[in-house]
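A.B. asks: Dropping the sequence and predicted coords here.
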Amino acid sequence: MSKPIYLDYNATTPHDPEVIEAMRPFFEEEFGNPSSSHYYGTRPKQAVIAGREQIAALINCRPQEIIFTSGGTESNNFAIKGCAQSFDQKGNHIITSQIEHPAVLEVCNFLKTKGFEITCLPVDEFGQVGVSDVAAAIKKETILISIMHANNEVGTVQPIEEIGRLAKENDIVVHTDAAQSVGKITVDVQRLGVDLLSIAGHKAYAPKGVGALYIRRGLEPAKFMHGAGQEMAVRAGTENVLEIVGLGAACEIAGRDLEKNMQHMKAMRDRLYEALKINCDPVKLNGHPQKRLPNTLSISFLELEANRILDAIGSEVAASAGAACHSDTVQISEVLTAMKVPLEWAKGTLRLTTGRMTTAADIDKAVRVIGAAVKKLKTGG
Ligand SMILES: Cc1ncc(COP(=O)(O)O)c(C=O)c1O
């Protein structure tokens, strides 16, 4: 039996074969500790240096501004808690948005219990934060603005450049969670004007459990992990050399092939959307029609229940739901709720996300499978 077609690239990505090849020597031979001054430490140390350079080249910063972490969640924790702790003399106010990943929202909720005030901005019907809302929320106690670069559920890209400018004018630090945008669109920290940026390896064809945080030179969020002196003495612990090599290779590939990959993911995503529009009419597209990740399709089927669609297609297509329907309750995702997607649409929302490995044949089959399931569920089958 063949495996289901994978249309859940925003959940995680397969490992790129080039990433696996780059990592192989660090599985098989290069086991040394990069801090060791003898022979065995040499190549691991060089690999960590190279990995840092590869990430820096992708997002246009200096290698010394990159700290390796265990993934997007840790990078967000490090950025937000680190700033809260370092700048608490200046103020206790943080601005974020309702559509952030729990790896930001839960950090903010935690900080609330420590006396911080959190402003959680709403979004418009396309899932975009308003720059004027950010401006209106700023006050003299504001120490940090944390708004994601691109949303994981609907793919909407946020106006980070404008927010970055606004923050600079007001001398406020800006963090962006770029877990979903790295490798899918251009991510340039100079252009975005951010001070901190989170990266998650497994969303970009590297393994799970590795990530990075960009910290603009001169900014000093509080130390994240106490211990020995690794990672410029802010994040102690023997480096995860194997996965750092994987993340570095993934970032190099992401930069090298960005145009090609963007076009491919978009072509597959649009082929899927156009066909579903015809096959499953009426449907509703969620997220910004243009300012959206090229691979992301959040689509609602009127009066259907997402988990029933997923159950019907699960043996042939792997995707995610935007709502969880139980026997007598419907739990709509925070993002769709913040976008005020009407219940009759929201409850039947699927997130279908394409990737580098998606083929036109995959899409055509997915359309047939989803189309058949939707028709059957509509007719009460
Ligand atoms: C936008 C966003 N931020 C952060 C994370 C968490 O990243 P990680 O799984 O590497 O901890 C994810 C993963 O789903 C995400 O989509």
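C.D. replies: Yep, it's here.

A.B. asks: Can you name the residues that contact the closest residue to V154 other than its chain neighbours?
C.D. replies: Counting by Cβ to Cβ, 6 or more residues apart in numbering, V154 lies nearest to G287, which is 3.3 Å off, once chain neighbours are set aside. The way it works is simple: take the backbone N, C-alpha and C, and place the C-beta from them, glycine included. Neighbour list for G287: F126, G127, N151, V154, G155, T156, T296, S298 [criterion: Cβ atoms under 8 Å, 6 or more residues apart in numbering].

A.B. asks: By neighbours, which of those wins?
C.D. replies: N151 (32 neighbours; other Cβ atoms under 10 Å).

A.B. asks: and the residue of the stretch 201-350 of the chain found nearest the ligand, how many neighbours does it have?
C.D. replies: Going by Cβ to the nearest ligand atom, the ligand is nearest to G211 of the stretch 201-350 of the chain, at 5.3 Å. Residues within reach of G211, counting by other Cβ under 10 Å, total 29.

A.B. asks: measure the nearest residue to K140 once chain neighbours are set aside to Q85 for me?
C.D. replies: Leaving aside its chain neighbours, K140 sits nearest to G91 (6.7 Å; criterion: Cβ to Cβ, 6+ apart). Using Cβ to Cβ, to the nearest Å, G91 is found at 13 Å from Q85.

A.B. asks: who's more crowded, those two?
C.D. replies: Of the pair G91 and Q85, G91 is the one with more neighbours under other Cβ under 10 Å, namely 17 against 14.

A.B. asks: How about the contacts made by that one?
C.D. replies: If you count contacts by Cβ under 8 Å, 6+ apart, G91 has them with K140, E141, T142, I143.

A.B. asks: Let me see the confidence value for T359.
C.D. replies: For T359, the pLDDT comes out at 98.

A.B. asks: circling back: tell me which two in the contacts of G287 are the farthest apart.
C.D. replies: F126 and T296 (12.7 Å; Cβ to Cβ).

A.B. asks: would TSV of the contacts of G287 with distance to A306, secondary structure and pLDDT be doable?
C.D. replies: Formatted as TSV, the contacts of G287 follow (distance: Cβ to Cβ, whole Å; DSSP: H, G, I helix; E, B strand; the rest coil; pLDDT from 0 to 100):
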residue	distance to A306	secondary structure	pLDDT
F126	20	coil	98
G127	17	coil	98
N151	17	coil	97
V154	14	coil	98
G155	17	coil	98
T156	19	strand	98
T296	16	strand	98
S298	11	strand	98
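
A.B. asks: So which of the residues you listed reach the ligand?
C.D. replies: Applying Cβ under 6 Å from any ligand atom to these, one finds that nothing falls near the ligand.

A.B. asks: neighbours around V134, how many?
C.D. replies: 25.

A.B. asks: Sorry, slip of the keys, the one I care about is D362.
C.D. replies: Using other Cβ under 10 Å, the number of residues around D362 comes to 18.

A.B. asks: which residues touch R52?
C.D. replies: Contacts of R52 by Cβ under 8 Å, 6+ apart are P63, Q64, I66, F68, I244, G248.

A.B. asks: Write out the residues of this protein neighbouring the ligand.
C.D. replies: So the chain meets the ligand at 71-73, 101, 103, 148, 152, 177, 179-180, 200, 202, 211 (Cβ under 6 Å from any ligand atom).

A.B. asks: Among the residues you listed, which are located in strands?
C.D. replies: Members of the residues of the chain next to the ligand lying in strands (criterion: DSSP state E): D177, A200, G211.

A.B. asks: what separates L242 from S37, distance-wise?
C.D. replies: Plainly put, L242 is 21 Å away from S37 if you go by Cβ to Cβ.

A.B. asks: Counting neighbours, go ahead and name the busier of the two.
C.D. replies: Set L242 next to S37 and count neighbours by other Cβ under 10 Å: L242 wins out with 20 against 9.

A.B. asks: Just give the nearest non-adjacent residue to that one, would you?
C.D. replies: F26 is the one closest to L242 (Cβ to Cβ, 6+ apart), at 4.4 Å.

A.B. asks: before we move on, the earlier item: spatially, which two of the residues of the chain next to the ligand are the most separated?
C.D. replies: Top of the distance list for these (Cβ to Cβ): M148 and H202, 16.8 Å.

A.B. asks: more neighbours, those two?
C.D. replies: Each of M148 and H202 has its neighbours counted (other Cβ under 10 Å); M148 has more, 27 against 23.
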